[in-house]
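>>> Need a 3D model of the sequence below.
(one chain, ligands or ions: 1)
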Amino acid sequence: MCGIVGYVGRRDVLAADGSADPAPGINSHSALDVVLEGLRRLEYRGYDSAGVAVIADGGIESRKKSGKLSNLIDELDARPLPQSLTGIGHTRWATHGGPTDQNAHPHLADGDQLAVIHNGIIENFAEIKASLTAKGHTFRSETDTEVAAVLLGDIYRSLAAKGEASLTKAMQLACQKLEGAFTLLAIHQEQPDVVVAARRNSPLVVGLGENENFLGSDVSGFIDFTRRAVELGQDQIVTITPDSFEITDFHGQPAEGTEFEVNWDAAAAEKGGYPSFMEKEINDQPAAVGDTLLGRADANGRLMLDEVRIDPELLKSVDKIIVLACGTSAYAGQVAKYAIEHWCRIPTEVELSHEFRYRDPIVDGNTLVVSISQSGETMDTLMAVRYAREQGAKTVAICNTNGSTIPRESDAVLYTHAGPEIAVASTKAFLAQITAAYLLGLYLAQLRGLKFQGEIRDILSDLGAIPKKIQAILDNADQIKKLAREMADTKSVLFLGRHVGFPVAMEGALKLKELAYIHAEGFAAGELKHGPIALIEEGQPVFVVVPSPRGRHSLHSKVVSNIQEIRARGAKTIVIAEEGDEAVRAYAEHVFYIPETPTLLAPLLATVPLQMFACELATAKGYDVDQPRNLAKSVTVE
Ligand code: M6R
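Here you go, the predicted structure:
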C-alpha cells in the first residue's frame, strides 16, 4: 500500500544552461521526471492521492492532489515545479485520514524546509502528536505521517541548534521513537543532495545508478533507470547521495544491504498494446506458467529446486505442512493442498495468514510452512511467517517479487516467474503460484521416495503442455466475452466447484467482486444443499466448474447432479467443462470447454475463462479493471 519513490542526481553535471537536463552522455535526470515515472509504475500500490516534493532554488517545493496520479499531473501542468535534482514522490492508499488534498503526502515540517512521505501505519502517532502539540507544534492534516514529519523536523532542529544538523541522525532518533510499520523518506532543504529513508516492516529498495541513486517501494520505482538494486533489512536507514549510499540501523551502527540485479524487463511492465494491464496479464499466462517451470528439472524429470536450501533430511522429516496466504494467493494454496496431500501424503492445512497467529496454532520443528505471496510484502503473511519461524518451523516462500521481504525472511524461496503483475487483481501470478506449488509438492514426493521418477516426469510433461492449452482458451475468448457483456447488468453471480474446482470457484467469485463490484460467492458444490441453495431463484446465474468425466467419474456425476438441482430451481447455469464432456450440455445454458488435462492440474485452465469473464464484464460497465476502487496491490498494513 502506497508507492514511494526517491531520487538524487548530481548537480555538477547539469547542462550548461543550468537546467536539470544533464550534459549529453552523463546520467543525471530531472528529479521530477524520475519521480513521476516511478509513481506511474507504482500507482498500482495505491491511488487515493499522489504528491511530489523537490528541492529547488534552495527551498522545498511540493504539489499534491487527491485522486489518481493524473490529477497530480494536471496540477503540475497548471503549477509547474522548478527544475531539480533531488525529489520524492508518493501515491497513497489512505489509512489515517480520508483521501483529500490535505492528507496527501508529502507532509512538510520544520518551517516547510522538510518533506516526508510514508508507507505504513505509525501506531503510537497519537501519543507523539500529543507531546509535539504540548511543545507548540501544529498540524495541518489528520495523518500519522505528518506526526512523523513534525517529529523528524523537531529532532533535526534540536541537532542543528547544537551544530550537529544531520537528516540521517535525525531519522535514526525519530525511528527510535516510532512504533508500527513504516517506510519513511525525507528531504531537507539544508541538505539538498541527500534523501534519507527508513524501513520497518514495510518495503524499500535502493536503485544504484551512475551519478544518481534511487529509492522505491519496489524495483518498478526505478526500473527505467537502473537494474542494480540493494535490498535493505529490517529497521535500517539508508542515506543516498548522487555518488553514495550508506546503511545504518536505527542506532547509527553501520549495516549492510544485499545487492541484486533486477531481472524484470521494463517493457514487461507496460501494457504492450492491450487496453489494460489486466488483459495483458491474462494473456501473459502461458508464459507465466512456462517460465515458472523452466529449468526446474533435468532431462530425466528429476526436480532440482536449488533455491529450496532446506536440508533434505529436514524436509523428509516434515510431518505437517501449513500454507499461509491471503486472497487469491490463499486460493492457490488451497489448490496446492489437494496436490501436495495426494502426491506426498503429508497433512496440509491452508490458513489465511491474518487468522493464523491469533489462534495458537500447533507448529513445531517438523512443520513446513509454505507462504504464498505475489508481492512478498503482504504484512499479514509476513507476520505469520515470522511467527511460524519463532515456533521452530521451516519456511518456504512462493513469491513473484525479487528482493521482497517475505522471501528474505524465509528459509527458502521458490520464485514464480510471472514477471511484474501491475493490475491490482491477481491473474498470472495465481497460475504461476499454483505451478510453483505443484513443483514443490513433486519435489517433496521425490525426496521422500513417494513417486517413481517416471511418474514425476509424466506429471511434469502434463504441466509442460499447459501453456499451449491456456493459449487455446485465450484464442477462443469471444464466446465468454460476449456472455460477459450480455450480463453487464447482473446483480449477483454464484460459482460452484468441487475438489480443486472449489478454489477455482472462489477465485472466479473474487475476480468478479474486485473488478465488477458485483455480489459473487464461490461455494463447494457439495455444500449447496446445506444452505446456499436457498439463494437460487429464477434466472440466478451460476457458474459451475465441472471436473473431468475421465478418472474420478463419481465426482463428475455428483457435480452434474448439483447442476440439475439448481436448474430445477430456476438457475441459469454456465458451465466450464472438459472438451468432449457432452453430458453437461443438456443442463447448461452456456458451456465453455477447456482442453483435457489431469484433474489436479485443471485449475490452471478452468480459472482462465472466469478471469476473462470478470475482466470483460467490468470493462463493459466502464470500470477501471487495473485499479478497482478501494483496493491496493500490495497490502502492507495489517
Ligand atoms: O501479494 P500477495 O499475493 O500476498 O497478495 C495477497 C492478496 O492481497 C491478493 O491476492 C488480493 O487478494 C488480490 N486483490 C487478488 O486479486
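
>>> Please look at V575 and Y593 and confirm they touch.
No - in this structure V575 lies outside contact range of Y593 using CB atoms under 8 Å: 9.2 Å. C-beta here means a position set from N, CA and C on the backbone, and glycine is covered the same way.

>>> quick one, which of those two is more surrounded?
The residue with more neighbours, out of V575 and Y593, is V575; 23 against 19, by other CB atoms under 10 Å.

>>> before we move on, what SS does that one have?
Put simply, V575 is strand when judged by DSSP: H, G, I helix; E, B strand; the rest coil.

>>> Report the contact partners of the nearest residue to it once chain neighbours are set aside.
Of all residues not flanking V575 in the chain, A588 sits nearest, at 4.0 Å (CB to CB, 6 or more residues apart in numbering). Listed by CB atoms under 8 Å, 6 or more residues apart in numbering, the contact set of A588 reads 544, 563, 573-575, 577.

>>> can you list those residues in JSON lines and add pLDDT?
Shown next, in JSON lines, are the contacts of A588 (pLDDT from 0 to 100):
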{"residue": "V544", "pLDDT": "97"}
{"residue": "I563", "pLDDT": "93"}
{"residue": "T573", "pLDDT": "96"}
{"residue": "I574", "pLDDT": "97"}
{"residue": "V575", "pLDDT": "97"}
{"residue": "A577", "pLDDT": "96"}
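
>>> Nearest to the ligand among the residues you listed?
Closest to the ligand out of the contacts of A588 is I574 (21.0 Å), distances taken as CB to the nearest ligand atom.

>>> what pairs with that closest one across the strands?
Beta-bridge pairing of I574 under DSSP bridges involves F543, H590.

>>> For the chain, list the residues in contact with the ligand, please.
Taking CB under 6 Å from any ligand atom as the measure of proximity, the chain contacts the ligand at 326-329, 373-375, 378, 381, 424-426, 514, 631, 634-635.

>>> Among the residues you listed, which ones are in helices?
Counting by DSSP state H, the part of the residues of the chain next to the ligand found in helices is 327-329, 381, 514.

>>> What about the residues you listed, which one has the most neighbours?
Greatest neighbour count in these, by other CB under 10 Å, goes to T381: 29 neighbours.

>>> Would you confirm that it contacts I406?
Yes - contact criterion CB under 8 Å: T381 and I406 qualify, at 6.1 Å.

>>> Could you pull up the residues touching W93?
By CB under 8 Å, 6+ apart, the residues touching W93 are 1-2, 45-48, 632.

>>> 6 Å - rerun?
By CB atoms under 6 Å, 6 or more residues apart in numbering, W93 lies in contact with 1-2, 46, 48, 632.

>>> Report pLDDT for the residue in the stretch 201-350 of the chain positioned nearest to the ligand.
For the stretch 201-350 of the chain, the nearest residue to the ligand under the criterion CB to the nearest ligand atom is G327, separated by 1.9 Å. pLDDT for G327: 97.

>>> what about it, distance to E123?
Distance of G327 to E123, given as CB to CB, to the nearest Å: 24 Å.

>>> Past the strand or helix carrying D154, which element shows up next along the chain?
Using DSSP states H and E, D154 sits within helix 144-161. Using DSSP H and E, the next helix or strand after helix 144-161 towards the C-terminus is helix 167-177.

>>> Which positions within that following helix qualify as buried?
Within helix 167-177, the residues that count as buried by 16 or more other CB atoms under 10 Å are 167-175, 177.

>>> Take the residues you listed and write them to CSV, including pLDDT and distance to N103.
Listed next are the buried residues of helix 167-177 as CSV, based on pLDDT from 0 to 100; distance: CB to CB, whole Å:
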residue, pLDDT, distance to N103
L167, 98, 24
T168, 98, 27
K169, 98, 29
A170, 98, 24
M171, 98, 22
Q172, 98, 27
L173, 97, 26
A174, 98, 20
C175, 97, 22
K177, 96, 22
